[in-house]
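In: what shape does this take:
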Amino acid sequence: MALRRLIDLPGFADLETRALMKPAFADPEARREFPEIDQLARDTFGLTADEAAVIPDPDGWDGIDVKSMREQADQFELEGWDVTDDKRRPLRILGHFSHPLWLALRGLAGSLPFFPEPEETEHTTSSLAAEAKAFQRDKR
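Out: Residues are numbered from 1 along each chain as shown. Okay, here's the model as predicted:
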């Protein structure tokens, strides 16, 4: 099963680039200065990090939202989400989005963005396409 990449969702790559250029952008206080962070969280998960923080932890909550970003990235991967960059480091902006994503993943608050189901490739179609390419190469 392919992991869903947070960086591939609309707006996340731009914010990650900004955090790379200005490290303070990744600080929790940056949400006050840059409202686009909260707007992206609300647009994507239905709630911001501040809204997620006031939701009481249910009985048996494992406190995943306060663990290190590396530990969270490993746990997100087990849940089907890749929250790392191309070098497999947790995204710099992950702290702004991890709690809303955890709540949405566990069905406690917010929502997950829509992802279409991957289309099943019919084996006969794929082999026909390969044969057609081979035929075209042979004709040249």
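In: tell me which residues in stretch 18-38 are buried?
Out: 18, 19, 25, 26, 30, 31, 34, 37, 38 (16 or more other CB atoms under 10 Å). Where you see a C-beta, it was placed from the backbone N, CA and C, and this is true even at glycine.
In: off-centre distance for it?
Out: 17 Å (CA atoms, centre = their mean, to the nearest Å).
In: and for stretch 17-27?
Out: On CA atoms, centre = their mean, the centre of stretch 17-27 falls 17 Å from the chain's centre.
In: and for stretch 46-57?
Out: 17 Å.
In: pull out the buried residues from that stretch.
Out: For stretch 46-57, by 16+ other CB under 10 Å, it's 46, 47, 48, 49, 51, 52.
In: mind putting those in JSON lines, secondary structure and pLDDT included?
Out: JSON lines is the format used below for these (DSSP: H, G, I helix; E, B strand; the rest coil; pLDDT from 0 to 100):
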{"residue": "46", "secondary structure": "coil", "pLDDT": "96"}
{"residue": "47", "secondary structure": "coil", "pLDDT": "96"}
{"residue": "48", "secondary structure": "coil", "pLDDT": "95"}
{"residue": "49", "secondary structure": "helix", "pLDDT": "95"}
{"residue": "51", "secondary structure": "helix", "pLDDT": "96"}
{"residue": "52", "secondary structure": "helix", "pLDDT": "95"}
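In: low-confidence stretches in this structure?
Out: 1, 115-127, 132-140 (pLDDT under 70).
In: residue ranges of the helices in it, please?
Out: Along the chain, counting by DSSP state H, helices occupy 12-21, 30-33, 35-45, 49-53, 69-78, 94-105, 123-139.
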